[in-house]
Structures are given as structure tokens and as C-alpha cells.
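*Asks:* Based on what follows, work out the 3D shape:
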Amino acid sequence: MLLQMLQMLLTGSILALLWVSSGQAQVPIQADFDANQFQGTWYMVGVVSDDQGFLDSRDNMKMPVVLVTSLANGDLALKFGYSTPDGSCQKMDMTLSKGAVDGQFSNAAMAQTDVRVVVTDYKHFAVLYFETQKGGVRNVWLQLYARAPELFPEGAQKMQQLAPQVGLNPSQGALLPKSDQCAGAFS
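*Replies:* Numbering: from 1, shown residues only. Predicted structure coming up:
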């Protein structure tokens, strides 16, 4: 009996770590996140956010390519390549600092207070959650990543399921069209 209670407590503790509270929503984190499997090239195929800047510009956005590198200290280095209105490829680097739980990060320079790899199969898709805090305004983002520049159905389904849990709705989202400007940005 005591052993069963201890097992339940430990299981509950592990689940609590995976469902770390963020604001009012319970946002999951990928169980047993492995940064080495997560690294490599990803395409941001979809985004949902309540950020007004995103909502105003989403119709003009194209699919960024993202190169993720796992650093020895547990941080993630990201290189973004995204199309600009003039047809060129703009590159940007950022580092996500490892949080208290594997799969959780932050980036103070970008006002990203909570970044989570919510779910990934590492081979096809990943859903990331971002929470930003700028000028006293909190915004929530979900980003759908794919290993190929096309929508992966299971990833899209996971993002659709998570959106209402974090206070977002489909009208706040966009599937990003493929762009060739940054196709070879990191090769």
C-alpha cells in the first residue's frame, strides 16, 4: 500500500513537472525532451498568436527556415532565415536559455519569458509555445515546425488542440506559404 502511494506521488510529481503552469493556462512540455534529436533544420509552417503586430502582418509573412543547434550547456542556438518584402533572405540569430525543466527555455533579449517544446516526434513536426512580455503586455504564440516545408497533419492537429487551452483561436493563425528566398540559407 505504501509503495503504491509512493509510486502515485512520484508519478504525480513527474506529471506536475511536465505540466508547468504558465499564466492561467496549463501548457505541457515534451516528456523526455532530447535537444540533440531536436536540433537540425526546421520550417515554421504555421503560427497562431494574439500579438497585434503579428495579426497585422501575417498575410504578408512567408515560411521561415530555422536551424537549431543544441549547445553543451543545454541552451539552444537558433538561426532564422526569413523572406523580406524585397525578395531577399534576412538572417537572425538567437539563443534560447535552458529553463528549470528540459524542453523549457527563455530569451530575455526577445522578451520571451517562457518558451516550451510542447510536443514533437523529432522527425516530422514540433509545436512550440512562446509567451512574451513587452511593455506590460503579455502575448501568447504557438508555432508549428516541420522538417520539410509543408504542413504535417499530426502537428497541425496537436496545435489546433492546444490553441484554445492557451486562449487562442484559429482566426488568430496563419499557415505560412513556402518561400524559396531562404531555401539554402544555412547549407
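*Asks:* The nearest residue to residue 43 once chain neighbours are set aside: how many residues sit nearby?
*Replies:* Once flanking residues are discounted, residue 43 sits nearest to residue 149: 4.4 Å by Cβ to Cβ, 6 or more residues apart in numbering. To be clear about C-beta, it is placed using only N, CA and C from the backbone, and glycine gets the same treatment. Residue 149 is flanked by 18 other residues according to other Cβ atoms under 10 Å.
*Asks:* So residue 149 versus residue 91, what's the distance?
*Replies:* To residue 91, residue 149 is 17 Å away according to Cβ to Cβ, to the nearest Å.
*Asks:* buried stuff in the helix or strand containing residue 54?
*Replies:* Here residue 54 sits within helix 52-57, counting by DSSP states H and E. Neighbour-count burial for helix 52-57 flags residue 54 (criterion: 16 or more other Cβ atoms under 10 Å).
*Asks:* and the next helix or strand after that helix, what does it pack onto?
*Replies:* Where DSSP H and E defines the elements, the next helix or strand beyond helix 52-57 is strand 65-70. Identification of packing neighbours for strand 65-70 by 3 or more Cβ pairs under 8 Å, 6 or more residues apart in numbering; DSSP states H and E yields helix 35-38, strand 40-49, strand 76-83.
*Asks:* closest one to residue 123 among the ones you listed?
*Replies:* When those are compared by Cβ to Cβ, helix 35-38 sits nearest residue 123, at 8.5 Å.
*Asks:* Residues in contact with the helix holding residue 54: which ones?
*Replies:* The contact list for helix 52-57 (Cβ atoms under 8 Å, 6 or more residues apart in numbering) reads 47, 49, 141, 172.
*Asks:* Kindly indicate whether residue 122 is helix, strand or coil.
*Replies:* What DSSP: H, G, I helix; E, B strand; the rest coil gives for residue 122 is coil.
*Asks:* coming back round to it: how about JSON lines for the contacts of helix 52-57, with pLDDT added?
*Replies:* Converted to JSON lines, the contacts of helix 52-57 look like this (pLDDT from 0 to 100):
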{"residue": "47", "pLDDT": "97"}
{"residue": "49", "pLDDT": "97"}
{"residue": "141", "pLDDT": "97"}
{"residue": "172", "pLDDT": "96"}
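*Asks:* ok, and the most crowded of those residues?
*Replies:* Among those, the one with the most neighbours (other Cβ under 10 Å) is residue 47, at 23 neighbours.
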